[in-house]
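Student: show me how the following folds:
(chains A and B)
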2 protein chains.
Amino acid sequence: MTEAPARSKRRSSNKRGQIIPQLPWGQPRYHFPLVEPLTHEDVLKTHDNALRVLEEIGIRFQDEDAVAIFAKAGCIIGEDGMTVRIGRDVVEQALKTVKSEVVLTPRNRERAVTIGGNHVAFASVLGPPYCSDIEKGRRQGTLEDYSNFVRLGQYFNVIHMISGAPVEAMDIPLETRHLYGTLRTLELSDKVPFVFCQGRQRIHDALDMIAMAKGMDRNGLMEEPSTFTIINSNSPLQYDKPMAGGLIEMAKHNQLSMITPFSLAGASHPISLGAANSLAVAEMLAALTLTQLVRPGAPVASAAYTMNVNMQTGSPGFGSPETNKSLQIGSQMARFYGLPIRSSTFTSSPAPDAQAIYESLGMLWASITSGSNLIMHAAGWLEGGLRSSFEKFVLDVEMLQMMVKYLEPVAVNDTTLAFEEIKAVGHGGHFFDTENTINNYNTAFYEPIVATAKNFGQWEEDGSLDATQRAHLVYKKALDAYQQPQLDASTSEALEAFVKRREDQGGAPIDL
Amino acid sequence: MTEAPARSKRRSSNKRGQIIPQLPWGQPRYHFPLVEPLTHEDVLKTHDNALRVLEEIGIRFQDEDAVAIFAKAGCIIGEDGMTVRIGRDVVEQALKTVKSEVVLTPRNRERAVTIGGNHVAFASVLGPPYCSDIEKGRRQGTLEDYSNFVRLGQYFNVIHMISGAPVEAMDIPLETRHLYGTLRTLELSDKVPFVFCQGRQRIHDALDMIAMAKGMDRNGLMEEPSTFTIINSNSPLQYDKPMAGGLIEMAKHNQLSMITPFSLAGASHPISLGAANSLAVAEMLAALTLTQLVRPGAPVASAAYTMNVNMQTGSPGFGSPETNKSLQIGSQMARFYGLPIRSSTFTSSPAPDAQAIYESLGMLWASITSGSNLIMHAAGWLEGGLRSSFEKFVLDVEMLQMMVKYLEPVAVNDTTLAFEEIKAVGHGGHFFDTENTINNYNTAFYEPIVATAKNFGQWEEDGSLDATQRAHLVYKKALDAYQQPQLDASTSEALEAFVKRREDQGGAPIDL
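Tutor: You can find the predicted model right below:
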């Protein structure tokens, strides 16, 4: 093969003149057939069993307001004052008002994302107390680490939503941590922010601040979904006070709750995947019903699937085959109900290594092929959620970009079939310098940010850096290239004044 | 959560009393819906364009016998005596005699594998001149390395077929290397062996030896497909002499040819994926037609898809998004023709690291979800096929085992929905010690061979080994645990005598 002119040109700079090659901002859509592990009959059986659980066994809400709302809807309250038996008519009515798609609009309206349909959105890692990078090792997170993860999430176009906290700012007291975290998120990023469901006061604070950043008040938010939270059950068949309260607050304010039963087959749920998934569906439906009783049409997404418990450690089977298959069953059930689908990419790995990749990437493929809409923890998650990794963040970004490129449909028509080009090149020739190649080489194929195809000698000469070490360099480069998005001075001052005032008031209670 | 009795029991030994936890021998099947990127109309257009290429442009076979066979079938031979224009009637006739499934039976009949339908089979890496492990680093392969890879392929149940050479035995002269390699494969393994398509003499030698190991002669093999080879085109639109000759020999002997156009969009093929895939289909159909003209019903599998060329290095886009999508289009086209589907898991990575995993695993998911039947290079491939890695072999085995476990359907019925168990546990309880958990914890979930869910402190105490380092320990353990399969003394002696005799005759010519 002779070297084509196109190739030497290509070497000098990457194709879009960017420091790190990126795909443009935008949401991918899933156009290919869906992988659905259950038959339609199995779906109906799973559904029916879930309804029977809610009707005959009931579910416990450790929150008086929630119980009162169910009572008012005609549900039967148990002697403990907490266990609610929900009739299938009530669930079915709730399913009538729920929406299959929601648009979340952040302070920069161009960063709005659609959750539902065949739209896909990726959100960064959420919640770990520790973080790490190769340079400084594993450590407790600080507000500066938090900020750097927000900057990475803002920088990379493939990240659509910023999960707060990407790492816990352990250097800030718990009473005011949510205030400083939300402030940093809103200042450093103009993408959709997250609200942590840790008691009603914190939710109110975050909603107030998100509203301010958009130039409105908390009531204004009710007209425009702008943020999202995760609601976990305290399984089996139980929601605790912060989660039940969070559900009510988010629904009241017309903001998105991603209902995520914390289902572990063999621990909180039956060991049989069929039963565990069905029980998770029951838990999801109960929470969904509550939101629709609070505000018909309030946005919810479903993540009703089980993970297996690891029988040796008791920890969840992050990225296990059983989790991947259940996740797809959960997507299938959510689609049956006409709900947006939330999923995740998890790993148990204690290092940003081969295991971290095969566990995360398995979940990514399982999620995408089963039609997941919002993929949480999609960049940076490590060590079973105890740690955010800067290198893993970049490795995940590469995998997400590859997935987006994969999802582009292939056009098949007279032009793209290129019969005349094939004829002109003939037998044993090459296509390096055909008109089509020269016109398209710049954008035809994915350009990696970490992966290398260098030969071994060249790679050795360049320092024998493995992919994780190269990801380290990319994350540093991304932080250098990051630019803080515009926020007008008066808004910024108002947000800071709000934080100061709330701090002076003592922040939010630690005891939820 | 209290510790369940099941968990402490579990810790003492793994569930099947094996040294390394393995799934039992057996082929997985794909029961879920298929991911097909093209519409049916696109399939027809791709097909029609391929037929037009063969009819109007033709394809070059650099082998007199092949050209004569096409001429006899009424094809138009060009002035160069090599370019064959194949009418669609001839292709369509060939597609009528080709089989959608073939069973390959090795010397141990219990290790027979079915290629086609919804059956899946995994074959180990094939062809690299280099190999590596952490202990000895990267080096030229030797017959001892070759043997160790065969031992690993034999040891792990999830590997169904042994690709020879898993690494080139560079310490054996080229004239006799195929003899010693085939001998080692047949002695150290009783799984389906591979024949390298490097000239007719080598194919005859390998077929003779495979027949001897089965207690028959080469004519006997004709009654029973027993081995497989890869046929690459020398694209565009060209087959060289060794490949054309190999096609004829394998078809004549009723052995499986996996027809794999070496298609690189932007190099050997047009940059448009639509055109590149269609041209690859044309090349596949030409080779398939030749096999059916030689012997109607001769087994063939199709791998008619394109990879993109890496515009910076000129190398194939192993594991790229474009490759993954094209691979699925190739599967869709093969299914349209009723052919068994061959695929691969590739990576360009120069190390058994995160990149190696995300490139390989992306191809594995793309292959499985699009219905691939035979996945080549499924364990051990590294560095664009220049190197076999012992650690990567084990990491791949883990990913294959996880895929097999994922493919098990979930049963949904009154028993597995476990309503009464859910009722008995109630709200806020746990399922650690229910009857179902105790009866099933041993086999319910995948048990990893490399992945760990240990907490960070424990992992550090155990030496902070990353997944690749742990895979190193597993490969050593597997070699220790390996047991050579029975082969009766007379067969063994006959094979050795054959090799000696052929060596005395000078082996096979180097110039193909």
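Student: just for chain A, where's the confidence low?
Tutor: Applying pLDDT under 70 to chain A picks out residues A:1-17, A:512.
Student: one more time with 80
Tutor: Counting by pLDDT under 80, chain A contains low-confidence ranges at A:1-18, A:511-512.
Student: pull the contacting residues for the residue lying closest to residue A:424 once chain neighbours are set aside.
Tutor: Using C-beta to C-beta, 6 or more residues apart in numbering or on different chains and skipping residues adjacent in sequence, the residue nearest residue A:424 is residue A:434, 7.4 Å away. C-beta here means a position set from N, CA and C on the backbone, and glycine is covered the same way. If you count contacts by C-beta atoms under 8 Å, 6 or more residues apart in numbering or on different chains, residue A:434 has them with A:421, A:424, A:425, B:270, B:271.
Student: can you flag the buried ones in the residues you listed?
Tutor: With burial judged by 16 or more other C-beta atoms under 10 Å in any protein chain shown, the buried subset of these is A:421, A:425, B:270, B:271.
Student: go through the residues you listed and say which is closest to residue A:62.
Tutor: residue B:271 (60.5 Å; C-beta to C-beta).
Student: isn't there a strand covering that closest one?
Tutor: No: counting by DSSP: H, G, I helix; E, B strand; the rest coil, residue B:271 is not found in a strand; it is coil.
Student: who's in contact with it?
Tutor: A:431, A:434, A:436, A:437, A:440, A:441, A:444, B:265.
Student: repeat that for residue A:273.
Tutor: A:265, A:306, A:308, A:322, A:325, A:326, A:329, B:410, B:416 are the contacts of residue A:273 under C-beta under 8 Å, 6+ apart.
Student: hmm, try it at 10 Å
Tutor: Residue A:273 makes contacts with A:37, A:265-266, A:305-306, A:308, A:322-323, A:325-326, A:329, B:408, B:410-412, B:416, B:444-445, as judged by C-beta atoms under 10 Å, 6 or more residues apart in numbering or on different chains.
Student: before we move on, what about residue A:124?
Tutor: A:149-150, A:152-154, A:156, A:159-164, A:166, A:189, A:191, A:194, A:376-381, A:388, A:393, A:396-397.
Student: for residue A:461, same thing?
Tutor: A:454, A:455.
Student: let's go with 8 Å and repeat that
Tutor: Going by C-beta under 8 Å, 6+ apart, the list of residues near residue A:461 is empty.
Student: phi, psi for it please.
Tutor: phi -60, psi -40 (degrees, to the nearest 10).
Student: how near is it to chain B?
Tutor: 11 Å (C-beta to the nearest C-beta, to the nearest Å).
Student: cool, residue A:480 as well?
Tutor: In terms of C-beta to the nearest C-beta, residue A:480 sits 22 Å off from chain B.
Student: try residue A:370
Tutor: With C-beta to the nearest C-beta as the criterion, residue A:370 and chain B are 9 Å apart.
Student: among the contacts of residue B:271, which are located in strands?
Tutor: Mapping the contacts of residue B:271 onto strands (DSSP state E) picks out residue B:265.
Student: most neighbours of all the contacts of residue B:271, which one?
Tutor: The member of the contacts of residue B:271 surrounded by the most neighbours (other C-beta atoms under 10 Å in any protein chain shown) is residue B:265, with 31 neighbours in all.
Student: bridged to that residue, which residues?
Tutor: residue B:269, residue B:308 (DSSP bridges).
Student: hmm, it is touching residue A:440, no?
Tutor: No: proximity of residue B:265 to residue A:440 does not meet the contact threshold set by C-beta atoms under 8 Å, at 9.9 Å.
Student: give me the common contacts of those two.
Tutor: Joint contacts of residue B:265 and residue A:440 (C-beta under 8 Å, 6+ apart) are B:271, B:272.
Student: and stretch A:318-329 with chain B, contact?
Tutor: Yes: shown here: stretch A:318-329 in contact with chain B (C-beta under 8 Å from any C-beta of the partner chain) through A:318, A:319, A:320, A:321, A:322, A:324, A:325, A:326, A:328, A:329.
Student: and of the residues you listed, the nearest to chain B?
Tutor: residue A:321 (3.8 Å; C-beta to the nearest C-beta).
Student: and for the closest one, the neighbour number?
Tutor: Around residue A:321 there are 21 residues (other C-beta under 10 Å).
Student: try the one 4 residues further on
Tutor: The number of residues packed around residue A:325, counting by other C-beta under 10 Å, is 27.
Student: mind checking what secondary structure residue A:92 has?
Tutor: helix.
Student: how near is it to residue A:289?
Tutor: For residue A:92, the distance to residue A:289 (C-beta to C-beta, to the nearest Å) stands at 9 Å.
Student: compare these two (neighbour count), which wins?
Tutor: residue A:289 (26 against 12).
Student: let me see the backbone angles for that one.
Tutor: phi -60, psi -40.
Student: picking up where we left off before, closest to residue B:337 out of the contacts of residue A:434?
Tutor: Among those, and counting by C-beta to C-beta, the member closest to residue B:337 is residue B:270, at 21.5 Å.
Student: measure how buried the closest residue in space to the closest one that isn't next to it in sequence is and give me the count.
Tutor: Counting by C-beta to C-beta, 6+ apart, residue A:418 is the residue found nearest to residue B:270 once chain neighbours are left out, at 4.7 Å. When neighbours are counted by other C-beta under 10 Å, residue A:418 registers 24.
Student: could you do residue A:487 as well?
Tutor: Using other C-beta under 10 Å: residue A:487 sits among 17 other residues.
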